[in-house]
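# I would like to see how this sequence folds:
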Amino acid sequence: MSYTIKDILRMQVAPALGCTEPVAIALAAAAAASLLPAGDIQRVELWVDPNIYKNGLAVTIPGTGGLSGLDTAAALGCAGGDPTLGLEVLAPVDEVVTARAMALLDAKLVTVNLLHDQVGLFVRARVERGGANAEAVIEVVHDNITSLSLNGEAVTGHPLLGSDVAGGKSELAEMESWLKERSLSELIELLDGLDDEDLAFLEEGVQHNLRLAEYGLKFDAGMGVGKTLDRLVRQRLLTRDMIQAAKILTSAASDARMGGVKLPAMSSAGSGNHGLTAILPIQAVAEFAECTDAERQRAIALSHVVTAYVKAFTGRLSAVCGCSVAAGAGAAAGVTLLLGGGAQHIAGAIKNLTEDLAGVICDGAKAGCALKLATAAGSSVQAALFALQGVNVDSGDGIMGVSPEQTMQNIGTLSTQGMIETDRTILRIMLEKQFSDV
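Now for the predicted structure:
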């Protein structure tokens, strides 16, 4: 089976309100609660894989006035989340819903269990209400509900159910297997299938992420990385060139998103921050380049495709910062295409970016991610500019491959094999800090 650019965009790019790890938790809890009769929640229990735990531990949840935590996400999902909205499940959250969720937490009705040996994205939520209990399981993808049950009996044919991974590969896994067999030239050729509907969808993603950036530049959100960089430019301590513009726009959007602003991001490969990194550096560079809207949108499409390609090798969640090595590589490819580069230049840009940022770890979603997104955005533009000037990392260096495909595959090997113990160590440090504060 082969796939088109439309298929890839459909499966890899979607609006997401809030960090996708607590969102997945809220979605599972909301889905389970939706099966139950009305009444007061009696108990909520949660089981999650280590990377969901790591990424959902400290990030602010939108609409809550600054609350965070996996238990909080589950309580919010039960108290008022709308599971039919998918990754925007928390859109209905307001002060009333937050108060209900806090009551559940204060009564110690929410329990979170870490599945230390679980491999791959996994969330299981069990909710008790009205003398009944229901469960929902999410696997592989943040919004992929693979099973629902009510009082121990499987619920089939429910509209909330996604791909059935128990019977074989999910649709996403099939697509990623196909994607991993493509060459860079074939990935670029996919762009020829873009139609007006695709371009409009890509532009919708730009507008979602620009709204977050505009909020981050206007208000004190998150760490204020983007706003600070912008201030330094205004003070003439920095110069607003392509690289700085990309850093400002991307980090400002991350400031807003990680700060819990109730605005959706257009995600890429299952992550809102990936979506910010894949889109906004290209948008920033377009302000300096002579290009049409269609050319800009085409470059963003390539960025999403390359991001998806790298994530197919690294997995949805890992010890390596995907914003750096996956979305960063996508942005580098897109910027290069936007500035007139061909396949050889794009290959060079991806390798330049990988050499620069391959060692950046993921230590969970939090306000400080804005710093990493600033770095990834700036490095993606620099990698593209270097490649266009003939400056390329040698294939014999470090983990570089003889081809861009091999280089991206090596990143996957580094993530899935080389950094398993690193991931455990990161989580152990985070858990020690969490429980030492209790």
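# for the rest of this, base every contact and every neighbour count on C-alpha atoms.
Noted.
# grab the most central residue of the chain for me.
Nearest residue to the geometric centre of the chain (CA atoms, centre = their mean): Ser271, 0.9 Å.
# neighbours of the nearest residue in space to that one that is not next to it in sequence, how many?
Among residues not flanking Ser271 along the chain, Thr20 sits closest, at 6.1 Å (CA to CA, 6 or more residues apart in numbering). As a burial measure, Thr20 scores 25 neighbours (other CA atoms under 10 Å).
# 16 is where my numbering starts, stick with that
Okay, residue one is now 16; in that scheme the one you just asked about reads as Thr35.
# which residues are in contact with Thr35?
Neighbour list for Thr35: Leu102, His157, Gly285, Ser286, Gly287 [criterion: CA atoms under 8 Å, 6 or more residues apart in numbering].
# and stretch 135-148, C-alpha only, in CSV?
Extracted C-alpha coordinates of stretch 135-148, given in CSV (Å, rounded to 0.1, in the frame of the first residue of the first chain):
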residue,chain,number,x,y,z
GLY,A,135,5.4,2.6,23.8
LEU,A,136,2.6,5.2,24.5
PHE,A,137,0.0,3.8,26.9
VAL,A,138,-2.7,5.3,29.0
ARG,A,139,-5.4,3.3,30.9
ALA,A,140,-8.1,5.1,32.9
ARG,A,141,-10.7,3.5,35.2
VAL,A,142,-13.5,5.6,36.5
GLU,A,143,-16.2,4.6,39.0
ARG,A,144,-19.5,6.4,39.3
GLY,A,145,-23.1,5.6,40.1
GLY,A,146,-22.3,2.0,41.2
ALA,A,147,-20.7,1.3,37.8
ASN,A,148,-17.1,1.3,36.4
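# show me what counts as buried in it.
Buried positions in stretch 135-148, judged by neighbour count with 16 or more other CA atoms under 10 Å: Gly135, Leu136, Phe137, Val138, Arg139, Ala140, Arg141, Val142, Glu143, Arg144, Asn148.
# same check on stretch 116-135?
Buried positions in stretch 116-135, judged by neighbour count with 16+ other CA under 10 Å: Ala116, Met117, Leu119, Leu120, Leu124, Val125, Thr126, Leu129, Gly135.
# same deal with stretch 415-427?
Residues Met415, Gly416, Ser418, Pro419, Glu420, Gln421, Thr422, Met423, Gln424, Asn425, Ile426, Gly427 are the ones in stretch 415-427 that count as buried (16+ other CA under 10 Å).
# the third one touches Ala362, doesn't it?
To tie it back to what came earlier, the one meant is Ser418. Yes: counting by CA atoms under 8 Å, Ser418 does reach Ala362; the two are 7.4 Å apart.
# and the helix or strand bottoming out on mean pLDDT in the chain, what does it pack onto?
Here the helix or strand of the chain ranked lowest by mean pLDDT, DSSP states H and E is helix 435-451, holding a mean of 83. With contacts taken as 3 or more CA pairs under 8 Å, 6 or more residues apart in numbering; DSSP states H and E, helix 435-451 sits against helix 65-71.
# next SSE after the helix it packs on?
Going down the chain from helix 65-71, the next helix or strand is helix 85-95, by DSSP states H and E.
# wait, the residue nearest to the centre of the chain sits on Leu32?
No: Ser286 sits out of contact with Leu32 when judged by CA under 8 Å, with a separation of 10.5 Å.
# distance to Gln432, pLDDT and secondary structure added to the buried residues of stretch 135-148, as JSON lines?
As requested, those are arranged in JSON lines below (distance: CA to CA, whole Å; pLDDT from 0 to 100; DSSP: H, G, I helix; E, B strand; the rest coil):
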{"residue": "Gly135", "distance to Gln432": "13", "pLDDT": "83", "secondary structure": "coil"}
{"residue": "Leu136", "distance to Gln432": "17", "pLDDT": "90", "secondary structure": "coil"}
{"residue": "Phe137", "distance to Gln432": "19", "pLDDT": "94", "secondary structure": "strand"}
{"residue": "Val138", "distance to Gln432": "23", "pLDDT": "96", "secondary structure": "strand"}
{"residue": "Arg139", "distance to Gln432": "26", "pLDDT": "97", "secondary structure": "strand"}
{"residue": "Ala140", "distance to Gln432": "29", "pLDDT": "97", "secondary structure": "strand"}
{"residue": "Arg141", "distance to Gln432": "32", "pLDDT": "97", "secondary structure": "strand"}
{"residue": "Val142", "distance to Gln432": "36", "pLDDT": "97", "secondary structure": "strand"}
{"residue": "Glu143", "distance to Gln432": "39", "pLDDT": "96", "secondary structure": "strand"}
{"residue": "Arg144", "distance to Gln432": "42", "pLDDT": "93", "secondary structure": "strand"}
{"residue": "Asn148", "distance to Gln432": "39", "pLDDT": "96", "secondary structure": "strand"}
